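In: pasting the sequence and the predicted coordinates here, then a few questions.
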Amino acid sequence: MRQPLLVVKGLQTHFELRQWGFLRLGSVRALDGVDFTLDAGESAAVVGESGCGKSTLARTLLGIYRPTAGEAWFAGQSLARLQGRALKEYRARVGYVQQDPYGALPPFMTVRRALAEPLIIHGVRGRAERERRIAAALEEVGLGASPEVQESYPHQLSGGQQQRVVIARALLLRPRLIIADEPVSMLDASVRVEILDLLQRVQTEHGIALLYITHDLSTVRHYAQRVMVMYAGRLAEQAPVESLLARPQHPYSEALLAALVDPEAGNADQERQVPQGEPPNLLNPPAGCRFHPRCPKFMAGTCDRKEPPAFEPFSGHLAACWLRRGQ
Amino acid sequence: MTEIPLLEIKDLRLSYATERGPVWAVDGVSLELRRGEALVVLGESGCGKSSLAKTLLRILPRNARPPGGQVWLEGVNVLAFPEERFRREVRWLRMSLVMQAAMNALNPVIRVGEQVAEPLLIHRGWSKSRALKRAAEVFVEVGIAPAFLSRYPHELSGGMRQRAVLAMALIAEPDLVILDEPTSALDVLTQASIMNVLKRIKRERGTSFVLITHDVATSSELADRVALMYAGQVVEEASATTFFRQPAHPYSRLLMAAVPRLHQREKPVGIAGRPPSLLDPPPGCRFAARCPHNSPACAQDPEVIELADRHRVRCWLPVGGGVP
Amino acid sequence: MMLETGADLNRDRAWMRDLRRLALFVGKRLVALVVTVLVGVYLTILIANMGGKVDELRLVQIKTAAAEQIRADPAFHDLPSAEREALMQAQVQLEVDRLRLDEPFIWRSFDYLYQAMRLDLGRAEEMHSDAGSRQVYNIIVERLPATLLLFGTANLLVFFVSVYAALGLSRRYGSKLDRAVIGLAPTSAAPAWFYGIFLILLLAFVVPLFPAGGMVAVPPPDDPWAYAASVLKHLALPVTAMFVAQIFISIYSWRTFFLIHASEDYVEMARAKGLPDRLIEQRYILRPTLSPIVTSFLLMLIGLWSGAIILEQVFNWPGLGTLLFEAIGHRDTPVIIGSVVIFAYLLAATVFLLDFIYAVLDPRVRIEGGRQ
Amino acid sequence: MSQNGRERSPMSPWREGFRRLRRYPSALVGVLIIAGLVGTALYAVLAMPYSEAQKLWRGGEVWYDLPVNASPVWLDRLTGGQAPPTLKVSSRDAVTTTREFENVTIQQLILPFDFYYQQFPSELNLFLEADFTQRQPFVRLAWHTPDGLEIPLGARRIGAAERISISQDQILTRRLGLPPQIGLFAQDQSSGVAPGQSPAVRQGSYQLVLETVHFEPDTEIRAELVAYGRVHGLAGTDHQRRDLLVALLWGTPVALAFGLIAAVGTTVTTLVIAAAGVWYRGWLDAAIQRLTEVNIILPLLPILVMVGTLYSTSIWLMLGVVVALGIFSAGIKMYRAMLLPIREAPYIEAARAYGAGGGRIVLRYMVPRVLPVLIPTFVTLIPTYVFLEASLAVLGLGDPVLPTWGKVLHDAQTQSALYHGFYYWVVGPALLLMLTGLGFAMLGFALDRVFNPRLRNL
């Protein structure tokens, strides 16, 4: 049986808005109670619109933001209590791949220098040892063949190459989890698949768990085993990919799937079903189910009163929607 | 008798002066569009599609050299117009533009309504209140409450801003609206709802569109016709049906195979390599280096071949053995 | 119909909202600025009193002065020395009480602060105003209009000329004129007084067209028109000096600024909309950039207040700068400290003006300035 | 456009920048000027040690043989003039004849010199030194003009060291009807000169004949006649006969050092402080911002004036105050605005994610990002501080012992140099200041265009 690598329970990250450094104006509930587990070597996708809290989730798990409440355990260690050396150690265990590959590399450092940074920080002494590990990592991501890549500055590389360097950097410290936040959304269609393939390959080869954060459901099918749909700081639904695609349980997931098109000839002839309105302001989110103001299946008196817990209509398929209460 | 196309681009060329020499962003592009049609110009970043849009409206950056070729708008070559005549007669009245980043397309210090109504004041000489009233109508049409007319751009959400920019493009009822990546910065649901607005306007008003995008899925949402660009050139131009079902150019086929699809079991396949530099493109077919069908013939510039009515391909392959 | 009235109502409401936000913002800035001035002036007081050390020096001064006075007075000559000593002590004590030198400095520093905030700047040691007052406040206030006249004229000239020239140049990007201005920009490395010296040399001595210094002919003409003409003639050289020192760098930096802004998406959009060039320049380039322009202009002004001192001295212009220079000559400490305080007020006023204009010009500031 | 260079070998952004810089002629001129100034500064420091420069600038006897307010030689030649330089004849080169007469030695000293100039000397002094134990020797002076005329200049006893100001001689002035330095050299005194018209110079060989009477056997007399010229050296002299070249030369290292230290001191600390504030946010950032706001309303020059009047005018104190007040300047706001988006840059977030600490992020990730903008600012700031130092000196708050350009200007100002037509006095230091300003500004502007990313694409 697989060990859960990451256990997240009721995780909340709020941002306080203050005026003049002390007057409290309120707090943005960017991440507001998220539960899930991630097994070692598993790949799970987090899907949602911008501002739904998926990047906040990534940053909280990376230890960049401190959670306001709730807990996350990584390999049995509590994340909230990590300090000093242990936190640094943890950071070596978690790799990070960002959306903008150009921005993710210091523009004034060569590739070699940028890759040496994490090694230096984590005390890899000896230039030769560092060079060896850098070369190996570049080899791994398919950039090893050309030695001049190491001497290049980020702006001299193509988007795909830049993202490969970023992945190499994430692999350098031999992580057990890679968090990839929209790793391909700024790349061209022809390159996207290659980068996703690369991520998938290193993930399976090294048994690394992957948290793949994306707004693009269409890539999910081939590159993740499980999907979590986020809306307004909460998980609306989580399920194995095939199950979610075949039988979405949350109206928000349904809407996402309906809005998404595969390129076909007839698309231009029909309008899509789109829920009205925009995602709520997280400074003051609606009571009850956060999707209820836009929900086509809104049930007055229920959805706007109480927050739906996660029901499990099918095994391993959780949906936070009152509609699934009876199943 | 063939109908006069609404827009006909003939051998359009555009280069930017850079330190290392001219960069040919648009290199001999020919396209045509009939009234009421939507043409999608599809291509990856740096292929010259945005330069094409800017050339059509003649809003080129300072380092651009004067474009070559012709742009015929209902039988008149507007590219030859002097600047002032082009401004008075073509801009916004005949052709309007929706920009990629709506956030930046609105002047931050002027109320949204004034900006949207401005073309009517300038080109039609309407009074401000009349123009604002019209703006309110268009706002409703694209799905924003008219109350937002008196707001400043930063008080609007991203989706609303994009709608406002769309309203601005539609307000003078031009024949042709050029959409440059209108939804790429938006979320899936907002994207779908804006595409719905565009479809409705096309259906109800008969407006023609040129949609410029890198996103194959988005392109299928509006296209009657598709033109695929690669390294400054159009490599294939076809009806949407033909393009999405039986693309002829190897690049088109590889690109279609690289698109991840939700409802398809096969994994997408990437295209190895990267596009050539437009600074000093290789002779011959520009896709040759990445093409699985690369042959010695590809060292020569391929001709544009009309495979069927209004289906053109820039490739040697159909000549050498028909559509493979 | 409904739409129309709705829109109109909305516009009125929008104006009200803007006004309310503006008032709130300005109010907050005013409070913040008062606190800032308070701290700044207090710091000045600390520096001016060497953190209290000045008192010891002053005590010695008082003692010697008292001794001197008693020794000089023939009435006291016959007194026995002990009695003379006591008399001297009493004299010293009187002065110490008056200046409250026996209290800890820290308490008095707050008194000084209170006085400074009330513009009660004390009495000058040596100098006096033309009207004969020894009050530092009067001395300074008498000089203020001259400084304001000189600086107001020069800076407004620089501001308007450079903004319009910059707009024109940004249109003629790359032309010979454009390149000439770029080439001349480094000349602004030298301050105005420096050009002043050259101007005096050339236009007052080599070719005596203008007076070399002063604000008005001596004796001043009685006829107000002749008086104004004379002031204008005296104003010409110093204003030219300030103009020359600032104009090229201003044009250059604003031209660059406009050029950068001309590639903003909304400017491109305005061009695509077919707006005439002039309208684009005014509504889409000048209008959104006006707030940063005003900011940089006023920041420059802050720098120039300092330069005023020497410029005025070089041209013998009877303003605050010359006053400060004279005060240095007389080692008249109260006047020097008073000038510093007044300059601090002027700078604070400049900063406030900046905030206000910024908020009026840029709707984003009104909202975001409130919460960060 | 993503035309990035597969075709060219990787190049560091700095090298790339300097390669671009070469295309700006103004940058080249700027570099040449700066090189010249640095060379001058080095020369000054090496040729004239600090203590000597101070001693020379203190003035006094060191300059006894220089004229007052002489203009530079080149200025006179440039205007086609033939102004005389300072001529000195010493008894060492004199023709001496001695005869004995009743225990008394009578010595005749002839100090000859040629005078072939269009203008009169500015002053005429005779310096006499005599070694004697008890009785002072006696001297009788006679002036021999080229056409053989002899003008007696009186007789007197000689002290151990004496200066005889011939040009100040009231009796002689009355006798000649002209100041002696003119009258003794003028043509045709008998016919008289129309009032308001200056007489012409009589060119030729002059002699000053000293007839000395010694009363002691070993008495030796040394005499030196100085006919002060109207021009001197490269820079001229001031009202205290000091050679301005000393100040102009030594002003260079002082100005450069002041400008450089002040510019480095303010820009670097400002940047690091701004970066730290932006990174750590919270109270640190708030404190920095409030301090900056207070500092903005503190007027720099008046405070410097205050400090200079109350404390000391030492250049080091001034430098300290300038740097202290310069750190929390408007520059902090500028850097803050630049650094705020950088704080949010993905690469910083990545650095945090792989465990980089705050100090490392500030110094290694944030500061280098702004350096390209800092360098031009820094270069253009140098002349600002150079001029600030000059301004202080012009106000009379210059360092009491150092020769600087500003102090020359101050002297010129107080002596109304322009009013008296001593333009060189002002022009020399002003030109040097201007050169410094231009040199650094030209380089700075070119650097700005190369390294400022917002300007690069213009």
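Out: Cool, got the structure.
In: now the strands for chain A?
Out: A:4-19, A:23-39, A:43-47, A:69-74, A:77-78, A:94-97, A:177-181, A:209-214, A:226-231, A:234-240, A:311-314, A:317-319 (DSSP state E).
In: would the first one count as contacting chain D?
Out: Put plainly, it is strand A:4-19. No: contact of strand A:4-19 with chain D (C-beta under 8 Å from any C-beta of the partner chain) is absent, the minimum separation being 10.1 Å. C-beta: built from backbone N, CA, C; applies to glycine.
In: that strand pairs with which strands, parallel or anti?
Out: Pairing partners of strand A:4-19, with direction, according to DSSP bridges: strand A:23-39 (antiparallel), strand A:69-74 (antiparallel).
In: same check, this time on the last one
Out: Paired with strand A:317-319 in the same sheet, following DSSP bridges, are strand A:234-240 (antiparallel), strand A:311-314 (antiparallel).
In: let's have the ones you listed in TSV, adding distance to residue A:176 and mean pLDDT.
Out: What follows is the strands paired with strand A:317-319, written out as TSV (distance: least, C-beta to C-beta, whole Å; pLDDT from 0 to 100):
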stretch	distance to residue A:176	mean pLDDT
strand A:234-240	21	94
strand A:311-314	28	90
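In: mean neighbour count added to those, as JSON lines?
Out: Converted to JSON lines, the strands paired with strand A:317-319 look like this (neighbours: other C-beta atoms under 10 Å in any protein chain shown):
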{"stretch": "strand A:234-240", "mean neighbour count": "25"}
{"stretch": "strand A:311-314", "mean neighbour count": "17"}
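In: tabulate these (TSV), appending distance to residue A:42.
Out: Putting the strands paired with strand A:317-319 into TSV (distance: least, C-beta to C-beta, whole Å) gives the following:
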stretch	distance to residue A:42
strand A:234-240	11
strand A:311-314	19
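In: between those, which one is nearest to residue B:61?
Out: Using C-beta to C-beta as the criterion, the shortest distance between residue B:61 and those is 43.9 Å, found for strand A:234-240.
In: what angle do the closest one and strand A:43-47 make?
Out: 140 degrees (axes from the mean of the first three to the mean of the last three C-alpha atoms, to 10 degrees).
In: who touches strand A:234-240?
Out: With C-beta atoms under 8 Å, 6 or more residues apart in numbering or on different chains as the test, strand A:234-240 has contacts from A:32-36, A:53, A:225-230, A:244, A:248-250, A:252-253, A:290-291, A:310, A:314, A:316-321.
In: now that strand, how far from the centre of its chain.
Out: 13 Å (C-alpha atoms, centre = their mean, to the nearest Å).
In: give me the pLDDT value at residue A:247.
Out: On pLDDT, residue A:247 comes in at 93.
In: neighbours around it, how many?
Out: The number of residues packed near residue A:247 is 14, by other C-beta atoms under 10 Å in any protein chain shown.
In: these two touch, right, it and residue A:314?
Out: Yes: shown here, residue A:247 and residue A:314 form a contact pair, counting by C-beta atoms under 8 Å, at 7.5 Å.
In: could you point out the helix or strand that follows the longest helix seen in chain C?
Out: Longest helix in chain C, counting residues (DSSP state H): helix C:2-48. Proceeding N to C from helix C:2-48, the next assigned helix or strand is helix C:53-72, under DSSP states H and E.
In: what lies in contact with whichever helix or strand comes after that next one?
Out: Later in the chain than helix C:53-72, the nearest helix or strand by DSSP H and E is helix C:81-99. Here helix C:81-99 makes contact (C-beta under 8 Å, 6+ apart) with C:58, C:59, C:62, C:63, C:66, C:67, C:69, C:70, C:76, C:79, C:101, C:102.
In: from what I can see residue A:16 touches residue A:29, true?
Out: No: using C-beta under 8 Å, residue A:16 makes no contact with residue A:29, being 10.8 Å away.
In: neighbour count winner among the two?
Out: residue A:29 (24 against 10).
In: surely that one is in contact with residue A:11?
Out: No: assessed by C-beta under 8 Å, residue A:29 is found out of contact with residue A:11, at 11.8 Å.
In: how far off strand A:4-19 does the longest helix of chain C point, in degrees?
Out: 80 degrees.
In: and helix C:2-48, what does it pack onto?
Out: The helices and strands touching helix C:2-48, judged by 3 or more C-beta pairs under 8 Å, 6 or more residues apart in numbering or on different chains; DSSP states H and E, are helix B:128-142, helix C:105-117, helix C:333-361, helix C:363-368, helix D:282-297, helix D:300-310.
In: the longest helix along chain D: which residues count as buried?
Out: Counting residues, the longest helix found in chain D (DSSP H) is helix D:244-280. By neighbour count on 16 or more other C-beta atoms under 10 Å in any protein chain shown, the buried set for helix D:244-280 is D:244-263, D:265-267, D:269-279.
In: equivalent analysis for stretch D:212-221, please.
Out: Neighbour-count burial for stretch D:212-221 [16+ other C-beta under 10 Å]: D:212, D:213, D:214, D:216, D:219, D:221.
In: could you do stretch B:305-320 as well?
Out: B:307, B:311, B:312, B:313, B:314, B:315, B:316, B:317, B:318.
In: spell out which residues of the stretch 101-250 of chain C are next to chain D.
Out: So far as C-beta under 8 Å from any C-beta goes, the stretch 101-250 of chain C lies against chain D at C:173, C:182-183, C:185-191, C:193-194, C:197-198, C:200-201, C:204-205, C:212.
In: if we use 7 Å, what do you get?
Out: Contacts of the stretch 101-250 of chain C with chain D, taken as C-beta under 7 Å from any C-beta of the partner chain, map to C:183, C:185, C:186, C:189, C:190, C:191, C:194, C:197, C:200, C:201, C:205.
In: looking at the residues you listed, which are in helices?
Out: Filtering these for helices - DSSP H - leaves C:183, C:194, C:197.
In: which single one of those is nearest to chain B?
Out: residue C:183 (19.9 Å; C-beta to the nearest C-beta).
In: the closest one and residue D:438, how far apart?
Out: 11 Å (C-beta to C-beta, to the nearest Å).
In: before we move on, the earlier item: so which of the strands of chain A is nearest residue D:375?
Out: Residue D:375 lies closest to strand A:94-97 among the strands of chain A, at 31.9 Å (C-beta to C-beta).
In: only the buried residues of that closest one, if you could.
Out: Those would be A:94, A:95, A:96, A:97, for strand A:94-97 by 16+ other C-beta under 10 Å.
In: what residues are up against the residue nearest to the second one when sequence neighbours are not counted?
Out: By the measure of C-beta to C-beta, 6 or more residues apart in numbering or on different chains, the closest residue to residue A:95 outside its immediate chain neighbours is residue A:170, 3.1 Å from it. The contact partners of residue A:170, by C-beta atoms under 7 Å, 6 or more residues apart in numbering or on different chains, come to A:95, A:96, A:97, A:178.
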